[in-house]
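Participant: Sharing a sequence plus its predicted fold:
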Amino acid sequence: MAEVIIVNDKAAGGEIVAREIARLVRSNPETVLGLATGSTPLPVYEALTKHLDGIDVSQVRGFALDEYVGIAAGHPESYRAVITREVVEPLGLDAARIHTPDGSTDGIEHAGEDYERAIEASGGVDLQILGIGTDGHIGFNEPGSSFASATRVKTLTAQTREDNARFFASVDEVPRHCITQGLGTILRAKHLVLLAFGGGKAKAVAAAVEGALTASVPGSAIQLHPHVTVVVDEAAASELSNADYYRYTFANKPAWQGI
């Protein structure tokens, strides 16, 4: 069972995860982070500016979950640009050590395999940050994705394109394809940290944590992992049947265990 931590708000959730990441970096300067984009992980990155202050981060490595296919390299909404803007620059990371899948159309047929090899060569992801979509997707693994899937090109659903249209001038500008780490890739990370905030994520969180293990809810793949932490606010936790149990176990957890 995943450890579920219910917090008052997203800032409190960001603090908990940022403290854990800082602990990892102090113990291993070459920590490999799995980086998610979107609004959900922003409280973590914002809290990290404080928690990493004074810590040498020059050797930290990172791998983004996904990238759009065919988007211009300099486009402000490419995930390379977003990761640089929201993570690399604020935290003072070495941009050369932070990777995103190659979404250029030239060589796209082997870009997934290239990314898998790069992750493997790094020694694997130590802590993978995840968000979850309203339909239960993680990364760009839409419903129906195989639990064994590797990094590959996927076609975005109409709903995902609509959800992401807020970052573009119109939905017509949202790319139709992406390259994403697969569920199998994500499950190879040593520690998964899934964050969700707001009532709109409540049903997806409940399905992923307490529902059936099914490709129809890609997020349910976290049930297969031995070390998962789910951090949610009260609204996102509102559909959880065992919420009181999660609160009790976290309140009584030994501090030395971390998350």
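Facilitator: Ah, there it is.

Participant: Report the secondary structure element holding Glu15.
Facilitator: helix 10-27 (DSSP states H and E).

Participant: try Pro29
Facilitator: Applying DSSP H and E, one finds Pro29 in no helix or strand.

Participant: Other residues contacting the helix holding Glu15?
Facilitator: Applying CB atoms under 8 Å, 6 or more residues apart in numbering, the contact partners of helix 10-27 are 5, 7, 31, 33, 42-48, 50-52, 55, 57, 60, 126-127, 129, 193, 195, 197, 229, 231-233, 258-259. In this view, the C-beta of every residue, glycine as well, is placed from N, C-alpha and C.

Participant: mind listing what's buried in that helix?
Facilitator: 10, 13-22, 24-25 (16 or more other CB atoms under 10 Å).

Participant: Reformat the residues you listed as JSON lines; add pLDDT and distance to Thr84.
Facilitator: Listed next are those as JSON lines, based on pLDDT from 0 to 100; distance: CB to CB, whole Å:
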{"residue": "Lys10", "pLDDT": "97", "distance to Thr84": "23"}
{"residue": "Gly13", "pLDDT": "98", "distance to Thr84": "24"}
{"residue": "Gly14", "pLDDT": "98", "distance to Thr84": "20"}
{"residue": "Glu15", "pLDDT": "98", "distance to Thr84": "24"}
{"residue": "Ile16", "pLDDT": "97", "distance to Thr84": "25"}
{"residue": "Val17", "pLDDT": "98", "distance to Thr84": "21"}
{"residue": "Ala18", "pLDDT": "98", "distance to Thr84": "19"}
{"residue": "Arg19", "pLDDT": "96", "distance to Thr84": "24"}
{"residue": "Glu20", "pLDDT": "97", "distance to Thr84": "23"}
{"residue": "Ile21", "pLDDT": "98", "distance to Thr84": "18"}
{"residue": "Ala22", "pLDDT": "97", "distance to Thr84": "21"}
{"residue": "Leu24", "pLDDT": "97", "distance to Thr84": "22"}
{"residue": "Val25", "pLDDT": "98", "distance to Thr84": "19"}
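
Participant: closest to Gly139 among the residues you listed?
Facilitator: Val17 (17.7 Å; CB to CB).

Participant: now the helices: where do they sit in the stretch 51-200 of the chain?
Facilitator: 79-83, 89-91, 108-121, 158-164, 183-187 (DSSP state H, counting those that start in this stretch).

Participant: what's the least confident stretch among these?
Facilitator: Mean pLDDT values for the helices of the stretch 51-200 of the chain show the minimum at helix 158-164, a mean of 85.

Participant: That one: which residues count as buried?
Facilitator: 160-161, 163-164.

Participant: Which other helices and strands does the lowest-mean-pLDDT helix or strand in the chain contact?
Facilitator: Lowest by mean pLDDT, DSSP states H and E among the helices and strands of the chain is helix 158-164, with a mean of 85. Contacts defined by 3 or more CB pairs under 8 Å, 6 or more residues apart in numbering; DSSP states H and E place helix 158-164 against no helix or strand at all.
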